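[1] show me the folded form of this:
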Amino acid sequence: MNMNEKLNEISMMLKQYAEMLDIPVSYYLEAKKRYESVGNWLSKDDSALAIYNPEIYPQGSFLLGTVVKPISNKDEYDIDLVCFLADLDKNDTSQSDLKGIVGERLKKNDDYKRLLDEEGRRCWTLDYANEFHMDILPAINDLDYQLKGDLYEDAILITDKKKIDQGDSKWPKSNPKGYAKWFFSRQEIVYMAIKKQIAKILEKSIDDVPRYKVKTPLQVVVQILKRHRDIFFLKNQEKYIPISIIITTLAAKI
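    Numbers count the residues shown, from 1 in each chain. You can find the predicted model right below:
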């Protein structure tokens with residue numbers, strides 16, 4: 001076996017391993033269906049949030065295509081979402097009030113009230129037992145950062161209960177859509193090439209190929225590194241475990 005054949009074999013093994021780690025399509029579609037339902041509930045005409053033009057969208061690994069199967073059957077998939085209130089300004093609310101109005105609207109639905117965990121530091125969590133839990137992060141526009149344009153045009157301000165309790169009223173910043181744009185820009189050529197291949201196989205246009213059907217080498221690498229992290233820190237100083245965004249950023253930069 002020559003070097004190219006050996007590299008191709010290793011590449012195929014890693015790809016197959018990553019497929020084993022990936023979220024099943026049925027879970028992905030079910031999670032998408034459920035967070036869209038949450039979005040519909042939050043934005044209904046009778047909702048106190050309706051006047052702020054709410055939008056629910058995914059962030060983190062669910063958006064980046066780097067979800068990893070929980071290492072234990074006792075654990076659940078973690079779906080990170082943003083509840084973005086486009087027409088609410090930071091001068092017209094506070095972190096506590098923003099967090100509160102989202103939580104109150106969720107509690108007005110009997111199903112969501114039953115699934116709702118205690119208030120988290122930044123999020124409200126809906127726990128779908130033995131499947132996944134959804135962390136819903138209330139957010140508004142970060143108009144100052146958005147002025148930077150390009151990757152900052154979707155920058156947001158979020159809530160942090162711990163900082164509020166410590167007397168820090170400064171709004172924390174985040175930018176999940178901007179980060180996703182940057183992440184996909186690091187693999188754009190390969191991503192489009194794979195998407196074209198899938199479109200040809202499915203006999204569809206490129207635009208009709210959903211993002212979850214495309215898996216790039218970068219996404220595979222991130223998934224494998226995250227699983228290595230999970231295993232390594234299972235019995236080795238779990239408190240030092242690196243968060244996924246560090247692994248994802250380093251892999252994307254390389």
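[2] quick check: pLDDT value at V82.
    At V82 the predicted local confidence, pLDDT, stands at 96.
[3] quick check: it is in a strand.
    Yes - with DSSP: H, G, I helix; E, B strand; the rest coil as the criterion, V82 is assigned to a strand.
[4] hmm, who's touching the helix or strand where K33 lies?
    Using DSSP states H and E, K33 maps to helix 25-43. Here helix 25-43 makes contact (Cβ atoms under 8 Å, 6 or more residues apart in numbering) with 23, 47, 49-50, 53-56, 58, 62, 67, 77, 79, 81, 83, 102, 105-106, 109, 112, 126, 128, 131-132, 134, 136, 212. Placement of C-beta: from N, CA and C, glycine included.
[5] how about stretch 84-95: buried residues?
    Residues F84, L85, L88, T93, Q95 are the ones in stretch 84-95 that count as buried (16 or more other Cβ atoms under 10 Å).
[6] could you find the closest non-adjacent residue to the second one?
    If I follow you right, that is L85. Closest residue in space to L85, ignoring its immediate chain neighbours: Y52 at 3.9 Å, by Cβ to Cβ, 6 or more residues apart in numbering.
[7] now do the same for that neighbour: its pLDDT.
    96.
[8] surely it touches F84?
    No - the criterion here is Cβ atoms under 8 Å, and Y52 misses it with F84 at 9.1 Å.
[9] where along the stretch 151-254 of the chain do the strands fall?
    156-158, 173-174 (DSSP state E, counting those that start in this stretch).
[10] okay, now the residue nearest to K196 when sequence neighbours are not counted: neighbour count?
    Distances taken as Cβ to Cβ, 6+ apart place I206 nearest to K196, at 6.0 Å, with adjacent residues excluded. By other Cβ atoms under 10 Å, 11 other residues sit near I206.
[11] so what pLDDT did I206 get?
    92.
[12] distance check, N8 against L14.
    Applying Cβ to Cβ, to the nearest Å, the value for N8 to L14 is 11 Å.
[13] higher neighbour count, these two?
    With neighbours defined as other Cβ under 10 Å, N8 and L14 compare such that L14 has more, 15 against 12.
[14] for that one, what is the enclosing helix or strand?
    Per DSSP H and E: helix 3-21 holds L14.
[15] got the CA positions of that helix in PDB?
    Extracted C-alpha coordinates of helix 3-21, given in PDB (Å, rounded to 0.1, in the frame of the first residue of the first chain):
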ATOM      1  CA  MET A   3       1.300   6.500   1.000                       C
ATOM      2  CA  ASN A   4      -1.700   8.000  -0.900                       C
ATOM      3  CA  GLU A   5      -3.700   4.800  -0.500                       C
ATOM      4  CA  LYS A   6      -2.800   4.700   3.200                       C
ATOM      5  CA  LEU A   7      -3.900   8.400   3.600                       C
ATOM      6  CA  ASN A   8      -7.200   7.700   1.800                       C
ATOM      7  CA  GLU A   9      -7.800   4.700   4.100                       C
ATOM      8  CA  ILE A  10      -7.200   6.700   7.200                       C
ATOM      9  CA  SER A  11      -9.400   9.500   5.900                       C
ATOM     10  CA  MET A  12     -12.200   7.100   5.200                       C
ATOM     11  CA  MET A  13     -11.900   5.600   8.700                       C
ATOM     12  CA  LEU A  14     -12.100   9.100  10.300                       C
ATOM     13  CA  LYS A  15     -15.100  10.000   8.200                       C
ATOM     14  CA  GLN A  16     -16.900   6.900   9.200                       C
ATOM     15  CA  TYR A  17     -16.100   7.500  12.900                       C
ATOM     16  CA  ALA A  18     -17.400  11.000  12.600                       C
ATOM     17  CA  GLU A  19     -20.600   9.700  11.100                       C
ATOM     18  CA  MET A  20     -21.000   7.500  14.200                       C
ATOM     19  CA  LEU A  21     -20.600  10.600  16.400                       C
END
